[in-house]
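> heads up, no residue letters with this:
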């Protein structure tokens, strides 16, 4: 299940790869410019530019590798009778009566979105015990602060 991703998640990752590709020439130019300033052992601009270049290349290589192994799941055809991958779920913590909206997604797509649902990995301590639950079902999360009980209120 760790290799699943939603269509939106895949689009986001592809846009991120394109952004990294566009940023490459600028970073390379910064490295060259900083190198021309002289002594590299005490050249903070050079070291910062090289660090940025390493970060950019590492992220690019990681994303390219992951994209080859991800399977896009069309969540529009998944039944909403139980919590499954891609589901938007309203849950209530029973101890505090607080509610939160979560969307179960793959591990590669935990990023901020503009909708009201917080992206939660299907493999996370909150996401994993939710799988297969129906409206009204309760589940327990083993958190560092102790066990937390939740109830499924809504599945979209």
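Noted; the coordinates are in hand. Model, not experiment: these values are computed from the prediction.

> neighbours around the residue nearest to residue 52 when sequence neighbours are not counted, how many?
Closest residue to residue 52 apart from its sequence neighbours, by Cβ to Cβ, 6 or more residues apart in numbering: residue 27 at 5.4 Å. No exception for glycine: its C-beta is placed from N, CA and C like everyone else's. Applying other Cβ atoms under 10 Å, we find 18 other residues in the vicinity of residue 27.

> same question, residue 133
The number of residues packed near residue 133 is 20, by other Cβ under 10 Å.

> so it makes contact with residue 153?
No. Between residue 133 and residue 153 there is no contact under Cβ atoms under 8 Å: 11.0 Å.

> Now find how far off-centre the helix ranked longest in the chain is within its chain.
Using DSSP state H to define each element, the chain has its longest helix at helix 7-35. When C-alpha coordinates are averaged (Cα atoms, centre = their mean, to the nearest Å), helix 7-35 and its chain have centres 18 Å apart.

> Go through it and flag the buried ones.
8, 9, 10, 12, 13, 17, 20, 27, 30, 31, 34 (16 or more other Cβ atoms under 10 Å).

> Please name the strands paired to the longest strand along the chain in the sheet, noting orientation.
Once the chain is assigned using DSSP state E, the strand that runs over the most residues is strand 146-155. Applying DSSP bridges, strand 146-155 is found paired with strand 88-93 (antiparallel), strand 138-143 (antiparallel).

> Pick the most deeply packed of those strands.
With neighbours defined as mean count of other Cβ atoms under 10 Å, those peak in mean count at strand 88-93, which reaches a mean of 19.

> could you check the angle helix 7-35 makes with the helix or strand just after that one?
Remark: after strand 88-93, the chain's next helix or strand is strand 99-105, criterion DSSP states H and E. Inter-element angle recorded for strand 99-105 and helix 7-35: 80 degrees (by axes from the mean of the first three to the mean of the last three Cα atoms, to 10 degrees).
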